[in-house]
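J.: With the sequence up front, the predicted model follows.
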Amino acid sequence: MKRSSHSNHRKLIWRTAAACLFIVTAAAGAQSYPDKPIRVIVPFTAGGGSDVIARLLGPRLSERLGKPMVIDNRAAASGVVGTDVAAKSAPDGYTLLMITSTHAVNAGLATRLPYDLIKDFAAISMVTSSPFGLMLQPSVPALSTREFIDYARANPGKLNFGSSGPGSSPHLATELFMSMAGITMTHVPYKGVAQYVAAQVGGEIQFSFGNMFSTMGHWKSGRLRLIAHGGSKRLEAFPDLPAVAETVPGFEAAIWYGYVAPARTPRPIIDRLQREIAGVVGSAPLQQLLVSQGNVPVAGTPEAFAETIKTEVTRWGALGKRLGIKLD
């Protein structure tokens, strides 16, 4: 009994020492952070909303941190592949992940994922939120949400809509819209936002919910027709653009973006990154740019972003269950 007691005591001492060493090492690393380039994994294709936001903030964050922010596009499976790479990366602050509401959709609908969105990541900060734009191919004879719904009802199943993959935010937003508006369209999934936007410009699909700022060049030039947005009220920058909810009461669909790091990334590093992100997002020039493109800038605490992620997972999971949508 005495020998066992001594053995347990030694194990406790070693565990305590190891924990203290980890804390000291993490603190020392945080003080010198960063001392090399930081990789930001964008788990979607170049040209999509996540990529645009990451590249917009990247140079500004590099200036504040003193090291390059290297964008690494890992597009596949609605963001799952790149997200899994990030989840399995070292928790040292040198690999970050740009996540979107699509990640919450995946977590809420997928029957299995190679990672746990809540447990495998440490939230840093949301960056911005943007309502989806309801965009039509110009060949569609509709200038308003009401006209489009009437046209779709008269042509059930004949219209195609695009998304960045099954279970992505654009996909689920459209499923919600169809269920609330009483219409049916055919889903055509693509590898990313840029691909389905290009397909819509080319006439392969007629409808999409897209990111307003990453598609601005297309709808301002007339290659796409923006007729409404998915926010709950009209936008400051576009007061003449109706909300879908004005025609379909209760409809709301927006996409948000933010940074997370692998779980167990030292808290001092998380706090440093959050401060710098808040400094960039809170700067007047960037705020004006984001607002002018229909965004709502956000730079809250890690705790606030973590709560948003949990809430969104629950929300989209409940919607998927109600509509009978599951991801394998």
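T.: Perfect, thanks for sending it.
J.: Go ahead and produce CSV holding the CA coordinates of the strand ranked longest in the chain.
T.: The longest strand of the chain (DSSP state E) is strand 121-136. Extracted in CSV, the C-alpha atoms of strand 121-136 (Å, rounded to 0.1, in the frame of the first residue of the first chain):
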residue,chain,number,x,y,z
PHE,A,121,-11.4,24.9,-32.5
ALA,A,122,-10.9,28.0,-30.4
ALA,A,123,-13.0,31.0,-31.5
ILE,A,124,-11.0,34.2,-32.1
SER,A,125,-13.4,36.8,-33.6
MET,A,126,-16.2,37.2,-36.1
VAL,A,127,-15.3,39.7,-38.8
THR,A,128,-18.4,40.6,-40.6
SER,A,129,-22.0,39.5,-41.5
SER,A,130,-23.6,40.0,-44.8
PRO,A,131,-27.2,39.2,-46.0
PHE,A,132,-27.4,37.0,-49.1
GLY,A,133,-28.3,38.7,-52.3
LEU,A,134,-31.2,37.1,-54.3
MET,A,135,-29.7,37.1,-57.8
LEU,A,136,-31.3,36.2,-61.1
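J.: Counting neighbours, show which residues of it come out buried.
T.: 121-136 (16 or more other Cβ atoms under 10 Å). Placement of C-beta: from N, CA and C, glycine included.
J.: for the stretch 151-300 of the chain, what spans make up the helices?
T.: Ranges of helices in the stretch 151-300 of the chain, per DSSP state H, counting those that start in this stretch, are 169-181, 193-201, 216-221, 267-281, 284-292.
J.: Nearest to residue 319, out of the ones you listed?
T.: Among these, the nearest to residue 319 by Cβ to Cβ is helix 169-181 (6.5 Å).
J.: which parts of stretch 199-218 are buried?
T.: For stretch 199-218, burial by neighbour count (16+ other Cβ under 10 Å) applies to 199-201, 205-216, 218.
J.: correction: stretch 321-328
T.: Those would be 325, 327, for stretch 321-328 by 16+ other Cβ under 10 Å.
J.: Give me the contact list for that stretch.
T.: 78, 106, 109-112, 166-167, 172, 175-176, 179, 319-320 (Cβ atoms under 8 Å, 6 or more residues apart in numbering).
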